[in-house]
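Asker: 3D model of this:
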Amino acid sequence: MLDASAYRSNETNAKRAIADWRLSNINDPYIFQNQGFPVRVDSFLDLAQILDTMQEDRFDFYIKEIGGFTEEDKELFVKVCLDYVDFYHSVFQRDRVVLPLSTMMAHFVIYKKLSGFSPNFSRLLELGPGCGYLSFFLRDHKSLVDYTQIESTESFYLLQSHINSHIFGSRFDEHALSKHALNDHGAYHPKLKWHNPFHYEEQKVVSIARDPVCNHFPWWRIGDVAKRKYDIVSSNANLNEFSREALFQYLSLIRDVLSDDGVIISQCLGGGPPTYDSIFANMKSAGFVPVGLVQIDNVPGRIFVVTNGIFVGEKHPLYAKFVDRKPTFPMLERDLEFINKMYFINEENAERKKVYSTAEIMAAISDGYKNRRQYPELARSKPTLASSEQKGGSGKSSNGGHSKAAAQPDKTPAEKPDVAASKGHMKEVGRLQRIAQKEVGYVPQPQIAANGSTPTADVEGLRGTLAYMYSSKSWRFTAPIRKVGNLMRGRGLQSDSMEASRLNAIYSAQILKGEIEALQSSTSWRITAPLRFVMQLGSRR
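Answerer: Model (predicted):
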């Protein structure tokens, strides 16, 4: 199992062996570093803070982009989420599970687009896998022969390694580990037994040929990837986040490894400073041109969560047709079958699809655990919605996009990077909401019970308890502390009316119970415990 110490040891040895310091620095994740993202970690426990990041509040919009789930889609998604919880329990050993519905949904849509291009793709190279959740969807992809990942950010790399070990087991090859680390490099083992024979036994070694389906490469082993071939290169949310030097390094690699009829598929071109035009120009100079482009709001009647692109190389049959065409949004040739299969997924099996809410998916996951009769505590636990305060103070809690089950209430800045709640991201989510409502008549629905029932007496009682707690002297006494804390973290402020509206949109007793428990375990509530104790004593006299 790869840990931070082993990763850094091998990275240090690699840097010492590379002759040019500039080549070593090409892959520094400078954008992440500048935004305060936890690029380095000291323990596997630190990885818990990046399990649900970069896709916050997007579940509703991704499911709308693909037109909803068929029953088969829903079963696959729930199965993957259950697999993720198994992973979470085995690695972090915690009962309260952070369930990243939005981030998992983004990877589900990536998988649908990859399968839309080629249902039986067998060789896939992914540049910058992020959280690494595509692996969960590839577990049962029967035609898969070689799934290769390249990652340059240490924290993400370690998370991906843990996930791949969980999913692929012995068919996972971790290339950040030295292949000679367990050899003795010529140590001499004495043949004469003058010492106690029980103190030493010659090791019994057997060499077994491995047949990995998943290959994980760090930045210093990219040269080994160049010896392989791939049908698809997937590069999501990073093309304009590379430095110019890194972009050309990877474009050069893609030229070496992409099959003649292969493609580069990108769901989100990235959030870096370079313009799309500059990215297209650099890619064209390296021999790649777009054959499909879509943005969030430029296809009437459709919503795309992020900008998407498909690129081909000089040897691809479509290159000659598109080489002299100026890249524009949208670029959608409906006579190309893969365009329809990738960007108009909503039209396929439309009559069998349903747009599910997060509450319904959470209920299905909970039912899945009850049926498996495993993890009874999780099956009984409450899928707690993160409050607007926890989600960056947007106040937009009615969109059903909250994706954390039993979220931890009082995370320090070190546990929750500010990049995940940046103003730019929240502005983009707001834009998606406006586009969805305007273009396709979609209004995000509040969290309600999966069966559409009205509030029960139990629900109303729990709401009353929460309302009392939020209006108590304890909560009002610590308001200035929360205000300062939110301002220091760059979070917005939430009014009492917004909080009341949020609570009124919750129809689940389990969720409300979780809200109460989260509030009781919060810093604000704990530091005022002595005040409540004194008041209780006074009321008894």
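
Asker: what's the lengthiest helix in the chain packed up against?
Answerer: In the chain, with assignment by DSSP state H, the single longest helix is helix 71-92. For helix 71-92, the contact count by 3 or more Cβ pairs under 8 Å, 6 or more residues apart in numbering; DSSP states H and E identifies helix 101-117, helix 134-138, helix 154-168, helix 358-372 as packing neighbours. Backbone N, C-alpha and C define where each C-beta goes, glycine included.

Asker: list the contacts of the second one.
Answerer: Contact partners of helix 134-138, identified using Cβ atoms under 8 Å, 6 or more residues apart in numbering, comprise 76, 80, 83-84, 104, 107-108, 110-111, 124, 126, 129, 144, 147, 160, 163-164, 167-168, 214, 234.

Asker: just the buried residues from these, in PyMOL please.
Answerer: To isolate the buried ones among the contacts of helix 134-138 in PyMOL, judged by 16 or more other Cβ atoms under 10 Å, type:
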select buried, resi 76+80+83+84+104+107+108+110+111+124+126+129+144+147+160+163+164+167+168+214+234
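
Asker: and stretch 135-144, which residues are buried?
Answerer: Across stretch 135-144, burial judged by 16+ other Cβ under 10 Å covers 135-138, 141, 144.

Asker: centre of the chain versus stretch 83-98, how much separation?
Answerer: A distance of 15 Å separates the C-alpha centroid of stretch 83-98 from that of its chain, computed with Cα atoms, centre = their mean, to the nearest Å.

Asker: over to stretch 28-46?
Answerer: 15 Å.

Asker: over to stretch 242-253?
Answerer: How far stretch 242-253 lies from its chain's middle: 23 Å, per Cα atoms, centre = their mean.

Asker: which residues belonging to that stretch are considered buried?
Answerer: By neighbour count, and taking 16+ other Cβ under 10 Å as the criterion, the buried residues in stretch 242-253 are 242-243, 246-251, 253.

Asker: what's the burial count for E72?
Answerer: For E72, the neighbour count with other Cβ atoms under 10 Å is 10.

Asker: same question but for D42, I mixed them up
Answerer: Using other Cβ under 10 Å as the criterion, D42 is surrounded by 10 other residues.

Asker: my read: it touches A4, true?
Answerer: Yes. Applying Cβ atoms under 8 Å as the test, D42 and A4 come out as touching, 5.9 Å apart.

Asker: could you dump stretch 241-261 to PDB, C-alpha only?
Answerer: Taking Å, rounded to 0.1, in the frame of the first residue of the first chain, the C-alpha atoms of stretch 241-261 are listed here in PDB:
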ATOM      1  CA  GLU A 241      -4.700  24.400 -15.900                       C
ATOM      2  CA  PHE A 242      -1.400  22.900 -17.200                       C
ATOM      3  CA  SER A 243       1.600  25.200 -17.400                       C
ATOM      4  CA  ARG A 244       2.400  25.700 -21.100                       C
ATOM      5  CA  GLU A 245       5.400  23.500 -20.700                       C
ATOM      6  CA  ALA A 246       3.400  20.700 -19.000                       C
ATOM      7  CA  LEU A 247       0.700  21.000 -21.700                       C
ATOM      8  CA  PHE A 248       3.200  20.400 -24.500                       C
ATOM      9  CA  GLN A 249       4.800  17.500 -22.500                       C
ATOM     10  CA  TYR A 250       1.400  15.800 -22.300                       C
ATOM     11  CA  LEU A 251       0.400  16.600 -25.900                       C
ATOM     12  CA  SER A 252       3.700  15.100 -27.000                       C
ATOM     13  CA  LEU A 253       2.900  12.000 -24.900                       C
ATOM     14  CA  ILE A 254      -0.600  11.800 -26.400                       C
ATOM     15  CA  ARG A 255       0.900  11.900 -29.900                       C
ATOM     16  CA  ASP A 256       3.000   8.900 -29.000                       C
ATOM     17  CA  VAL A 257       0.300   6.800 -27.400                       C
ATOM     18  CA  LEU A 258      -3.000   7.600 -29.100                       C
ATOM     19  CA  SER A 259      -4.100   5.100 -31.700                       C
ATOM     20  CA  ASP A 260      -4.700   6.500 -35.200                       C
ATOM     21  CA  ASP A 261      -8.500   6.500 -34.800                       C
END
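
Asker: so what touches that stretch?
Answerer: Counting by Cβ under 8 Å, 6+ apart, residues outside stretch 241-261 touching it are 22, 26-28, 30-31, 123, 125, 127, 222, 225-226, 228-231, 233, 235, 239, 264, 270-272, 274, 279, 282-283, 286-288, 313, 315-317.

Asker: could you find the closest non-adjacent residue to F32?
Answerer: Distances taken as Cβ to Cβ, 6 or more residues apart in numbering put V39 closest to F32, at 5.3 Å, once the chain neighbours are dropped.

Asker: quick one, helices of the stretch 151-300 of the chain?
Answerer: The residue ranges that make up the helices of the stretch 151-300 of the chain, judged by DSSP state H, counting those that start in this stretch, are 154-168, 222-225, 244-257, 276-285.

Asker: good, wrapping up.
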